[in-house]
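Enquirer: need the 3D shape of this:
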Amino acid sequence: MTKRSIIKSTARYLPDNRITNDDLTGLMDTTDEWIRQRTGIEARYWVKEGDDTGTSDLALEAAQIALARAGWEPAELDLIVMATMTSDTYIPGAGTHLQHQLGGGYVPALDIRQQCTGFLHGMEVCDAYIRSGIAGKILLVGADYQSRFMEKTTANRDTAVIFADGAGAVCIAAEETDETVGILASVFHADGKHADALRVGIPARKSGYAMDPEVLANNEYFPFMDGRTVFKMAVTRLPEVARELLAEAGVQLADIDLVIPHQANLRINEAFRDRLQLPDEKIYNNIQEYGNTTSATIPIALDEVVEKGMLKSGDNVMFIGLGAGLTWGGVIYRLP
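Expert: Numbers count the residues shown, from 1 in each chain. Purely as a prediction, here's the structure:
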């Protein structure tokens, strides 16, 4: 018998404020056609201006749904893992804020700040905790509140039209089984040479004061993205790591029933699909409706897939993505 990491429930939460591409034309020089052509996005959800909401509040909504669906109480948890790049406070991380709001005692909580690959790294961390016997019940959440960090102007429209707010959560349990199920493989890479391709400069800073006039003048408190570099890296590295994952899991591409990629850009996911020669029905995209919710894209998509009844016992799912760092990687999971 081997300890396996089994997803017991999924959940998602989006703010009650849907922003269409046409809504953005009043904030910047853009059009619905311009946004769709470059990103595939038609809408996204942003926290309403003035709402007293933090990332941990979004995470709480998804977490409570996931726990209820699993039939778990917060006090039963052995660990909370929070993937986010937009913590309520710079220090401490959002995981402890979420833990406090959930209640249930002194459950340990840790943050993973790997941006768009944060939830994927979180899956690997949870699997390590479970296989080692340290934890038996883990809450893994991916949540980000990007709209408050964006400059919603023409000067920064390349990022402002893409990023969005939301949260997704899964409950992961240790189960003793002889079956080859749960997380079969995880593979990750990083290349810091491209760290400047996708970044936010402050509040952290290599030298000088975070709020000095030069930093403020350069708008380093807003996200910067070198879209060409990110696109080129994604369409090259994602097919490579997909093949590594298949080898690690001991399965063929034909054995993969569904690929759920990070929802960074529909054009990236289409290029990835084409390079692997995947049929349309084997790759799931929902960026059209939600935009890029960073750490939350994959758990939100997974919850939709489960809700639609698209998966069955024995199915193999590949989760994959690339993000700031640059980091990239993925996980292959077999449903019990």
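
Enquirer: any weak-confidence spans in the chain?
Expert: Residues of the chain meeting the criterion pLDDT under 70: 203-212, 215-216.

Enquirer: domain ranges for it?
Expert: The record assigns the chain these domain ranges, following automatic domain parsing: 2-177, 182-334.

Enquirer: next, format those as TSV and append mean neighbour count.
Expert: Backbone N, C-alpha and C define where each C-beta goes, glycine included. Shown next, in TSV, are those (neighbours: other CB atoms under 10 Å):
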stretch	mean neighbour count
domain 2-177	20
domain 182-334	18
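
Enquirer: quick one, strands of the stretch 51-200 of the chain?
Expert: Secondary structure of the stretch 51-200 of the chain (DSSP state E, counting those that start in this stretch): strands at 79-83, 109-112, 137-145, 165-177, 182-190, 198-199.

Enquirer: now for these, which one comes closest to Lys308?
Expert: Proximity to Lys308, assessed across the strands of the stretch 51-200 of the chain by CB to CB, is greatest for strand 165-177 (15.0 Å).

Enquirer: partners of the closest one in the sheet?
Expert: Strand 165-177 sits in its sheet next to strand 2-13 (antiparallel), strand 137-145 (antiparallel), going by DSSP bridges.

Enquirer: columns distance to Met82 on top of those strands, output as TSV?
Expert: TSV is the format used below for these (distance: least, CB to CB, whole Å):
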stretch	distance to Met82
strand 2-13	14
strand 137-145	5
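
Enquirer: how about these, which one is nearest Ile332?
Expert: Per CB to CB, nearest to Ile332 of these: strand 2-13, 12.0 Å.

Enquirer: just the angle between the closest one and strand 182-190, please?
Expert: On the basis of axes from the mean of the first three to the mean of the last three CA atoms, to 10 degrees, strand 2-13 is oriented at 70 degrees to strand 182-190.

Enquirer: which element follows strand 2-13 toward the C-terminus?
Expert: Once strand 2-13 ends, the next helix or strand along the chain (criterion: DSSP states H and E) is strand 18-20.

Enquirer: hmm, back to that, output the strands of the stretch 51-200 of the chain in a markdown table; the columns should cover distance to Asp255.
Expert: Output for those, formatted as a markdown table (distance: least, CB to CB, whole Å):
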| stretch | distance to Asp255 |
| --- | --- |
| strand 79-83 | 27 |
| strand 109-112 | 29 |
| strand 137-145 | 25 |
| strand 165-177 | 19 |
| strand 182-190 | 10 |
| strand 198-199 | 32 |
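
Enquirer: wait, which of those is closest to Phe272?
Expert: Nearest of the strands of the stretch 51-200 of the chain to Phe272, taken as CB to CB: strand 182-190 at 15.4 Å.

Enquirer: note down every partner strand of that closest one and its orientation.
Expert: Its sheet considered, strand 182-190 pairs with strand 327-334 (antiparallel) by DSSP bridges.

Enquirer: ok now the strand it pairs with, how far from the chain's centre?
Expert: Relative to its parent chain, strand 327-334 has a centroid offset of 12 Å by CA atoms, centre = their mean, to the nearest Å.

Enquirer: now Lys312: closest residue in space that isn't a chain neighbour?
Expert: Nearest residue to Lys312 in three dimensions, chain neighbours excluded: Leu335, at 6.9 Å (CB to CB, 6 or more residues apart in numbering).

Enquirer: show me what contacts that neighbour?
Expert: The neighbourhood of Leu335, defined by CB atoms under 8 Å, 6 or more residues apart in numbering, consists of Val181, Leu311, Lys312, Ser313, Gly314, Asp315, Val317.

Enquirer: partner strands of the helix or strand hosting the last one, with direction?
Expert: Val317 is part of strand 316-323, with elements assigned from DSSP H and E. Paired neighbours of strand 316-323 in the sheet (DSSP bridges): strand 258-261 (parallel), strand 327-334 (antiparallel).

Enquirer: among these, which is nearest Lys232?
Expert: Short answer: strand 327-334, nearest of the strands paired with strand 316-323 by CB to CB, at 12.4 Å.

Enquirer: go through the strands paired with strand 165-177 and name the closest to Ile35.
Expert: Comparing the strands paired with strand 165-177 by their distance to Ile35 (CB to CB), the top pick is strand 137-145, with 19.7 Å.

Enquirer: what angle do that closest one and strand 79-83 make?
Expert: Using the same axes, to 10 degrees: strand 137-145 against strand 79-83 is 20 degrees.

Enquirer: CA atoms only for strand 137-145, dumped as CSV, please.
Expert: Provided in CSV are the C-alpha atoms of strand 137-145 (Å, rounded to 0.1, in the frame of the first residue of the first chain):
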residue,chain,number,x,y,z
LYS,A,137,-5.6,16.5,5.0
ILE,A,138,-4.5,19.7,3.2
LEU,A,139,-6.3,22.7,1.9
LEU,A,140,-4.6,24.1,-1.2
VAL,A,141,-5.8,27.5,-2.4
GLY,A,142,-4.8,29.7,-5.4
ALA,A,143,-6.0,33.2,-5.2
ASP,A,144,-5.1,36.6,-6.6
TYR,A,145,-6.5,40.2,-6.5
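
Enquirer: circling back: put the alpha carbons of the strand holding Val317 into PDB.
Expert: Only the C-alpha atoms of strand 316-323 are listed here, as PDB (Å, rounded to 0.1, in the frame of the first residue of the first chain):
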ATOM      1  CA  ASN A 316      -5.400  11.300 -16.600                       C
ATOM      2  CA  VAL A 317      -5.300  15.100 -16.400                       C
ATOM      3  CA  MET A 318      -2.200  17.200 -17.200                       C
ATOM      4  CA  PHE A 319      -1.900  20.600 -15.400                       C
ATOM      5  CA  ILE A 320       0.700  22.800 -16.900                       C
ATOM      6  CA  GLY A 321       1.800  26.400 -17.000                       C
ATOM      7  CA  LEU A 322       4.500  29.100 -17.200                       C
ATOM      8  CA  GLY A 323       4.900  32.300 -15.300                       C
END
